[in-house]
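# Take a look and give me a structure for this.
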Amino acid sequence: MTENNMKNGEMSEKEFTRLYCSELDTVMSDIIPQCVTDVDMSLKNIGWLTSKQKRSVRASFINRAVAKACGEHALGDWTVDESGYTHLTHKPSGLKIRLRSVDKKTGRAPHGGNTFAARARYNQGSLLGPECIQFGVDGIPDLSGINLMLVCDYEKLDSTFMTIHRPIENGKYGSGIVSAYSYPLERGIDGMIPLVEFVPDQNDSVNVLDFLAQDEDVKVNG
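Numbering: from 1, shown residues only. The predicted model follows:
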């Protein structure tokens, strides 16, 4: 679609996000499964964490491994921030995505989080209609106020293990979020991206355990 078509209000927020997120389908479908494998192997070999702690930190370790891998590979117009977690921004439009794992209880998109920042991030209200989307002088829509979740089921790495969600409410534990829309991020077929190995040492992992509850709302005790 041309710049003029976009300015004429022929694309909705959902259509724009789907267009931009499609840039990530192949690279993320290669990176994430490999990171799941690497983290599972690393956790298996760490003897100073209990089985319960390993289950608790697994999703966050995967998230950090994906962030590290994203920093080593070309993501097109997307960039990963320096938080250590997979927080992506589409540079031209400002659209933002955070990687999350499915809610183990519901099997759906998880609760957004219990911090003020998380509530503000996902209590986004209604969609932007075509008539409400603002454009820059370069013809790119301003989506900087939109926060998406890339929700992954690490237990079912099939062709549709990744789903994009656009929350409108932060949700509650055990009931997930309320999404204005969602769509699968289709898995690519190349599988040829070389990855950096994720091997947490003891000191690094202890620091991770201290920080996890702030970002991923997981328990690490017991």
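# Please count neighbours and contacts with C-alpha atoms only from this point.
OK.
# residue boundaries of the strands in this protein?
Using DSSP state E, the strands assigned to the chain run over residues 78-80, 87-90, 96-101, 147-152, 162-172, 176-184.
# Only alpha carbons, please: show the third one as PDB.
Okay, so that is strand 96-101. Output of strand 96-101 as PDB, limited to C-alpha atoms (Å, rounded to 0.1, in the frame of the first residue of the first chain):
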ATOM      1  CA  LYS A  96       6.100  -1.500  21.100                       C
ATOM      2  CA  ILE A  97       6.100  -5.200  21.800                       C
ATOM      3  CA  ARG A  98       7.000  -7.200  24.900                       C
ATOM      4  CA  LEU A  99       7.500 -10.900  24.900                       C
ATOM      5  CA  ARG A 100       5.500 -12.900  27.400                       C
ATOM      6  CA  SER A 101       4.700 -16.600  28.000                       C
END
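# picking that back up, minimum distance to Gln124: which of the strands of the chain has it?
Nearest to Gln124 among the strands of the chain is strand 162-172 (4.8 Å), distances taken as Cα to Cα.
# Sheet-wise, list the partners of the closest one with their directions.
Strand 162-172 sits in its sheet next to strand 147-152 (antiparallel), strand 176-184 (antiparallel), going by DSSP bridges.
# What is the neighbour count of the closest residue to Tyr85 other than its chain neighbours?
Leaving aside its chain neighbours, Tyr85 sits nearest to Arg64 (4.8 Å; criterion: Cα to Cα, 6 or more residues apart in numbering). One way to gauge burial is a neighbour count; for Arg64, by other Cα atoms under 10 Å, it gives 22.
# Just put the strands paired with strand 162-172 in TSV and tack on mean pLDDT.
Output for those, formatted as TSV (pLDDT from 0 to 100):
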stretch	mean pLDDT
strand 147-152	94
strand 176-184	85
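# buried ones in stretch 109-116?
109-114 (16 or more other Cα atoms under 10 Å).
# could these go into TSV alongside pLDDT and distance to Leu49?
Supplementary listing: the buried residues of stretch 109-116 in TSV, determined by pLDDT from 0 to 100; distance: Cα to Cα, whole Å:
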residue	pLDDT	distance to Leu49
Ala109	87	27
Pro110	88	25
His111	81	26
Gly112	78	27
Gly113	76	25
Asn114	75	26
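# JSON lines for those, including distance to Leu43?
JSON lines is the format used below for the buried residues of stretch 109-116 (distance: Cα to Cα, whole Å):
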{"residue": "Ala109", "distance to Leu43": "25"}
{"residue": "Pro110", "distance to Leu43": "23"}
{"residue": "His111", "distance to Leu43": "25"}
{"residue": "Gly112", "distance to Leu43": "26"}
{"residue": "Gly113", "distance to Leu43": "25"}
{"residue": "Asn114", "distance to Leu43": "27"}
